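A.B. asks: Below is the structure, and that's it, no one-letter string:
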């Protein structure tokens, strides 16, 4: 992983979601919490590799992990996904407004 | 930039948006098209560095660039941002549904 410090909070979320394995983990966890073992099962990679992906997701605030006894479980932390969605929504709103203004201008012209 | 081929279309969009300079470029372009020169002006980096960021955005389908004479201009291609927003929206919908089901279960219990 490249250095994450300069990306900003929303940048870290986008960086975390860029990877297809990490998106697959998110797609699983939005259906409910899961243990690391259960998350690793469908993935064709080593447990340390899965753990590394989980660390990136946790570092970006996308998931929370908790260890109870010897079992580590993971769940979605929805605020991070909401932040990324809101940034995109904000850009779309501005773009559509700009388009409307262009449309008005062309109608007047 | 790391290798982009394995990220998938939505992954390339998230990767492109992870960088704060590239987000700043998008935030500028949703307000209307701009020349490369105009985009570079507020950024504290060399023109080749700006061009590299624009290439990543164009490769991810987030922007389109067009050269007319000696002037290259850039505009938003909204479909890519919409795709990323829809992925996030889909995850949120599933997560909220799961939460509702948990709520129903706890009320019944």
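C.D. replies: All right, it came through fine. A quick note: this is a predicted structure, and the numbers were derived from the prediction, not measured.
A.B. asks: Just give me the longest helix of chain A.
C.D. replies: Determined from DSSP state H, the single longest helix within chain A is helix A:78-108.
A.B. asks: Help me see whether that helix makes contact with chain B, please.
C.D. replies: Yes: Helix A:78-108 is in contact with chain B by Cβ under 8 Å from any Cβ of the partner chain, via A:78, A:81-82, A:84-85, A:87-89, A:91-92, A:94-95, A:98. Any C-beta I mention is one placed from the backbone N, CA and C, and that applies to glycine too.
A.B. asks: show me the contacts for the spatially closest residue to residue A:78 that is not a sequence neighbour.
C.D. replies: Once flanking residues are discounted, residue A:78 sits nearest to residue B:95: 5.7 Å by Cβ to Cβ, 6 or more residues apart in numbering or on different chains. By Cβ atoms under 8 Å, 6 or more residues apart in numbering or on different chains, residue B:95 lies in contact with A:30, A:76, A:78, A:81.
A.B. asks: thinking again about what came up before, taking the mean pLDDT, what do you get for the longest helix of chain A?
C.D. replies: Per-residue pLDDT over helix A:78-108 has a mean of 92.
A.B. asks: buried set for it?
C.D. replies: A:78, A:80-81, A:84-85, A:87-88, A:91-92, A:94-95, A:98 (16 or more other Cβ atoms under 10 Å in any protein chain shown).
A.B. asks: isn't residue A:25 right up against residue A:56?
C.D. replies: No: counting by Cβ atoms under 8 Å, residue A:25 does not reach residue A:56; the two are 9.8 Å apart.
A.B. asks: Those two: which has the busier surroundings?
C.D. replies: residue A:25 (26 against 21; other Cβ atoms under 10 Å in any protein chain shown).
A.B. asks: who's in contact with that one?
C.D. replies: Contacts for residue A:25 (Cβ under 8 Å, 6+ apart) come out as A:39, A:53-54, A:57, A:63, A:74.
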